[in-house]
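# Sequence isn't available, so here's the structure alone:
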């Protein structure tokens, strides 16, 4: 078959809108292959089971070339037929198909890649079936991240080792309050992550107990887990929870599961079910962690459903507009003020007279929220309530667009260049203490700003990306700080003369006072190297800078970084003051916000003082892996 016949046969199978990108890719590939010299690098290694050295066969190994060189460029961006189409947005670091290689380990666990051009690579391994957790080159822990590494021209990397951890399991029994087996109970598996300086449990997996009240959760990578259990409406078949990308999942029930119980007097009493946590009660903060190591089966994680079935109450009220006129078809929800990843937040729509009745509400503190999308605006109302021993009547919610706060940005100090920093890339937000409430965003006009749509509640003030606060899933990249703002730091945020960065802001019915954001322009910096006990450099170590104990409510003062392949790191834009610096080969990201965890390692951190406009050079000893 000639090349022309081959191309004709291929093109006949490709839709016309993909022919041009396909031909362009072929042309670029031919030009690239004609201009680039032959490659001669190689990578050879073995995939083994974590902690044992036992080889693993039938493991898929992927080698991605992330960066090329002048002589050996990355291959062309292509649109493989049937997989991608024109217009697909590809990230600049997305591996091109010609720079993404795959192989599979043999019986001895070995793999190899040959004829590799120089560049920057990433190496990963995965095995089908879920028995082993995916691995990456450069990990110190099965849940840690690997790192990209350079491969020089003609260099041969040998004896590379990828360790894969076997997944584990957690099993146990769920018992009713009388100690009898509880069948058909939802068992929920959670993991902890730190977001905006606070620990949040995220829902990862669920199971249902069998007729003996037993459950088993499996395919669990090594880590710390939390377990909860909740009896359920027998008509419900499964659980549904939301996850966005890698964000921790949450389950919010908009309709409470209800049962009727008859008391000794013959009265019917409405009850609902809430989650009971392993090692504690219905408070997620009381949950006891369960540690799963590689391949471990943790048995006997039993939960007694004490307090899991509670009296349910009703909340009745009226929704009106700013003129006091009743508004029909408004969504109203009772949101618990103590957030949990598995939460009953029952809701209902108002009737034709603007009235609502929410059922299935256990005792506790709530925010009754009404939301309504008007033709030209989003309207809402929030009212805090306490449910204790009876139904609530007469709740009145008045829909508004929310309050508006205004303020100014003030710079203190003088930059090296003498130029005032450009603030156009700053984002000013009010972050609600409760994740279910919206975060009002500010709008900048020069050095002035307004924040609209503020509903009553508790908030933290954020200046992004200067604060560099973890707010996403574990090991998600932080937003980059623009070059002109890298030495700028948040000095204070004042409202009515009070600094609100530590204590936060509370808005009720009164209009917000003027805000003043004070930014320092000559922040300090720390430049250092991470070493082990033998004074060997430690690449890919996690570094955390923690402020003095009296300032730890200022979560914007916490900073983190990862050492590069030479063990070096740099932290800049630091507020002057006293700090402690820590480095680990592995630690749960954000764990340094935990006061109890810090108390155990406080004296092992490197104490230092950051001065305005100065760079501190420091060598940091790596701490043992987190227990």
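All right, it came through fine. Note that the structure is a prediction, hence the values are computed from the model and not measured.

# Could you use CA atoms for every contact and neighbour count after this?
Fine.

# Point out where the chain drops to low pLDDT.
Residue ranges of the chain with pLDDT under 70: 1-37, 77-95, 97, 233-248, 470-478, 625-627.

# at 50 instead, please
Scanning the chain for pLDDT under 50 picks out 1-34, 80-90, 237-247, 627.

# residues near residue 375, how many?
6 (other Cα atoms under 10 Å).

# so when I look at it, I'm seeing a strand, right?
No: under DSSP: H, G, I helix; E, B strand; the rest coil, residue 375 falls outside any strand and is assigned coil.

# how near is residue 349 to residue 281?
32 Å (Cα to Cα, to the nearest Å).

# contacting residues for residue 226?
189-192, 277-278, 287-290 (Cα atoms under 8 Å, 6 or more residues apart in numbering).

# A strand includes it, no?
Yes: counting by three-state DSSP, residue 226 is located in a strand.

# what about it, distance to residue 42?
Following Cα to Cα, the distance that separates residue 226 from residue 42 is 43 Å.

# Ok, residue 291 next?
Residue 291 is 39 Å from residue 42, by Cα to Cα.

# ok, and the most crowded of the contacts of residue 226?
residue 277 (27 neighbours).

# Which segments of the protein make up each domain?
According to automatic domain parsing, the chain comprises the domains 3-164, 168-310, 315-398, 403-520, 524-621.

# mind checking the end-to-end distance for the second one?
From the first residue to the last, domain 168-310 extends over 34 Å; the measure is Cα to Cα.

# Distance from it to the middle of the chain?
21 Å (Cα atoms, centre = their mean, to the nearest Å).

# And the fourth one, by the same measure?
Average the C-alpha atoms of domain 403-520, do the same for its chain, and the two points are 21 Å apart (Cα atoms, centre = their mean).

# Between the two ends of that domain, what distance do you get?
For domain 403-520, the end-to-end distance is 29 Å (Cα to Cα).

# nearest spatial neighbour of residue 253, skipping sequence neighbours?
residue 344 (4.8 Å; Cα to Cα, 6 or more residues apart in numbering).

# residues near that neighbour, how many?
25.

# wait, what's in contact with it?
Counting by Cα under 8 Å, 6+ apart, residue 344 makes contact with 252-256, 274, 335-336, 361.

# How about residue 525?
Residue 525 neighbours (Cα under 8 Å, 6+ apart): 570-574, 610, 613-616.

# now these as JSON lines including secondary structure and neighbour count?
JSON lines is the format used below for the contacts of residue 525 (DSSP: H, G, I helix; E, B strand; the rest coil; neighbours: other Cα atoms under 10 Å):
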{"residue": "570", "secondary structure": "strand", "neighbour count": "18"}
{"residue": "571", "secondary structure": "strand", "neighbour count": "20"}
{"residue": "572", "secondary structure": "strand", "neighbour count": "19"}
{"residue": "573", "secondary structure": "strand", "neighbour count": "24"}
{"residue": "574", "secondary structure": "strand", "neighbour count": "31"}
{"residue": "610", "secondary structure": "strand", "neighbour count": "18"}
{"residue": "613", "secondary structure": "coil", "neighbour count": "18"}
{"residue": "614", "secondary structure": "coil", "neighbour count": "15"}
{"residue": "615", "secondary structure": "strand", "neighbour count": "17"}
{"residue": "616", "secondary structure": "strand", "neighbour count": "15"}
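
# now for those, which pair is the farthest apart?
Pairwise distances across the contacts of residue 525 (Cα to Cα) peak at 14.4 Å, for the pair 570 and 613.

# Would you enumerate the residues in contact with residue 305?
Contacts of residue 305 (Cα under 8 Å, 6+ apart): 174-177, 229-230, 276.

# What ranges does the stretch 151-300 of the chain have for its helices?
Shown for the stretch 151-300 of the chain, no helices are assigned by DSSP state H, counting those that start in this stretch.

# Would you mark the buried spots in the strand or helix carrying residue 502?
Residue 502 is part of helix 500-503 when elements are defined by DSSP states H and E. Buried residues in helix 500-503, counted by 16 or more other Cα atoms under 10 Å: 500-502.

# so what does the following helix or strand past that helix touch, helix or strand wise?
Remark: after helix 500-503, the chain's next helix or strand is strand 505-507, criterion DSSP H and E. Where contact means 3 or more Cα pairs under 8 Å, 6 or more residues apart in numbering; DSSP states H and E, strand 505-507 is packed against strand 457-464.

# what does the strand it packs on contact?
426-433, 490, 493, 500-501, 504-508.

# Direction included, what does that strand pair up with?
strand 427-432 (antiparallel), strand 505-507 (antiparallel) (DSSP bridges).

# To residue 313, which of those strands lies closest?
Using Cα to Cα, the nearest of those to residue 313 is strand 427-432, at 26.8 Å.

# distance between the ends of stretch 485-503?
26 Å.

# buried set for it?
For stretch 485-503, by 16+ other Cα under 10 Å, it's 485-495, 499-502.

# Stretch 51-59 too?
Applying 16+ other Cα under 10 Å to stretch 51-59 flags 55-59 as buried.

# Other residues contacting that stretch?
Contacts of stretch 51-59 (Cα under 8 Å, 6+ apart): 46-49, 104-110, 125-128, 163.

# Generate a PyMOL selection restricted to the buried subset of these.
A single PyMOL command is used to select the members of the contacts of stretch 51-59 judged buried by 16+ other Cα under 10 Å:
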select buried, resi 46+47+48+49+104+105+109+110+125+126+127+163
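
# So which of the contacts of stretch 51-59 belong to strands?
Members of the contacts of stretch 51-59 lying in strands (criterion: DSSP state E): 46-49, 104, 110, 125-126, 163.
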